[in-house]
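Student: Sharing a sequence plus its predicted fold:
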Amino acid sequence: MLPVYIALICAGCALSFAAFILFSNNCIKISKYKIDSAKAPESGVKIVHLSDLHGKRFGKANARLVKKVMALKPDFIAITGDIIHKYRPRDMQVALEAVSALAAVAPVYYVSGNHEMRSTKYKQFKERLIDAGAVVLDDETLAAFGITVAGVNCAHIKAGKFFGLAEGEGFKLLLAHLPQYIDRYALAGYDLTLCGHAHGGQWRIPFTKIGVYSPGQGLFPKYTSGVHSCGNMRQVISRGLGNSQCPLRLFNRPEIVVVEIIKKTEK
């Protein structure tokens, strides 16, 4: 038998690790970025960007998530896909509850992710999202808060359906689930793209900005979080809120992203 003190140390380590896992997967981090542009409206625009909920609940009806978003006072909320899980149809109700509550805070603009596209019930889910208060941007654009907001259906990204969605002058924002097509988004003439999908690399190497894996990018992917530039365009990637095939995050807390588009001042 192990000495009592060794057993206590082992038990303490196990409890500490369990507490760390619980914290890593349930304590939401808020990341804030400012994007300056000469095309931005004078008043600026504040966006809360959410992605990859995967049917996860942060409290009953996602009350903790909604409370944090409300405190940020966004002009609108952008959701960049995968709010359900392809293998868990019951997640649709969780997602709809969250969207309904968020729509009471600010306008919600939504684009689909790969998990919605893999669901055979996406058409019905889309209708229910609209009923819950979301504006679903399936290869569509709208004018909002002095900018143009375009959204591309995830199934149409590879085909380049985001080209030509946003015409004319002014600041152009694209909502797209997949971040690895950054060069094509830039070529299409957008000023800013909001993406998700990579889950921050799921497990992140401590004290670095390196994620371990992302679908579509493989090991040690380049586009997992934060701000990236390509030509005149910038891309902001959310690390997301939930999990899919890999059930645990490590050194990679769920994330709410706040993006402020501000007028670039002349020097």
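Tutor: Structure's in. What do you need?
Student: With adjacent residues omitted, what lies nearest to residue 158?
Tutor: residue 181 (7.9 Å; CB to CB, 6 or more residues apart in numbering). For the C-beta atoms, the positions are set from N, CA and C on the backbone; glycine is no exception.
Student: so how far is residue 4 from the one you found?
Tutor: 58 Å (CB to CB, to the nearest Å).
Student: Counting neighbours, go ahead and name the busier of these two.
Tutor: residue 181 (22 against 8; other CB atoms under 10 Å).
Student: Does the more buried one touch residue 157 like I think?
Tutor: Yes: look at residue 181 against residue 157 with CB atoms under 8 Å: they come within range, at 6.0 Å.
Student: remind me, longest helix of this structure?
Tutor: Taking DSSP state H as the criterion, the chain has its longest helix at helix 4-26.
Student: moving C-terminal of it, what's the next helix or strand?
Tutor: strand 29-37 (DSSP states H and E).
Student: Got phi/psi on residue 204?
Tutor: Backbone torsions for residue 204, taken as degrees, to the nearest 10, come to phi -110, psi 140.
Student: Let me see the confidence value for residue 9.
Tutor: Note on residue 9: pLDDT of 74.
Student: Enumerate every residue touching it.
Tutor: With contact set as CB atoms under 8 Å, 6 or more residues apart in numbering, residue 9 has no partners.
Student: So which bits of stretch 203-214 are buried?
Tutor: 203, 204, 211, 212, 213, 214 (16 or more other CB atoms under 10 Å).
Student: whoops, stretch 72-81 was the one
Tutor: 72, 74, 75, 76, 77, 78, 79, 80, 81.
Student: Show only the entries of these found in helices.
Tutor: Going by DSSP H, the helices hold residue 72 from the buried residues of stretch 72-81.
Student: now, among the buried residues of stretch 72-81, which is nearest to residue 125?
Tutor: Using CB to CB, residue 81 comes nearest to residue 125 of these, at 12.0 Å.
Student: was I right about the closest one contacting residue 51?
Tutor: Yes: at 6.4 Å, residue 81 counts as touching residue 51 under the criterion of CB under 8 Å.
Student: Neighbours of residue 84, how many?
Tutor: Neighbours around residue 84, by other CB under 10 Å: 28.
Student: thought it was touching residue 115?
Tutor: Yes: at 5.8 Å, residue 84 counts as touching residue 115 under the criterion of CB under 8 Å.
Student: Identify the contacts common to these two.
Tutor: In contact with both residue 84 and residue 115: residue 54, using CB under 8 Å, 6+ apart.
Student: any idea which residue sits dead centre in this protein?
Tutor: residue 51 (2.4 Å; CA atoms, centre = their mean).
Student: Quick check: nearest residue in space to residue 211, chain neighbours excluded?
Tutor: residue 201 (1.2 Å).
Student: That neighbour and residue 238: what is the separation?
Tutor: Taking CB to CB, one finds residue 201 at 13 Å from residue 238.
Student: of these two, who's got more company?
Tutor: The neighbour count for residue 201 versus residue 238, taken as other CB under 10 Å, is higher for residue 238 (29 against 26).
Student: Identify the residues contacting that one.
Tutor: Counting by CB under 8 Å, 6+ apart, residue 238 touches 49, 50, 51, 52, 80, 194, 195, 196, 225, 255, 257.
Student: what's across from residue 228 in the sheet?
Tutor: Under DSSP bridges, the beta-bridge partners of residue 228 are residue 235.
Student: so it touches residue 234, yeah?
Tutor: Yes: under the contact definition of CB under 8 Å, residue 228 touches residue 234, with a separation of 7.0 Å.
Student: higher neighbour count, those two?
Tutor: Comparing residue 228 with residue 234 by other CB under 10 Å, the one with more neighbours is residue 234, at 20 against 17.
Student: what about residue 97, neighbour count?
Tutor: 17.
Student: Might you report the residue contacts of it?
Tutor: By CB under 8 Å, 6+ apart, residue 97 lies in contact with 61, 62.
Student: Quick check: it is in a helix.
Tutor: Yes: counting by DSSP: H, G, I helix; E, B strand; the rest coil, residue 97 is found in a helix.
Student: ok, it to residue 65 distance?
Tutor: With CB to CB as the criterion, residue 97 and residue 65 are 11 Å apart.
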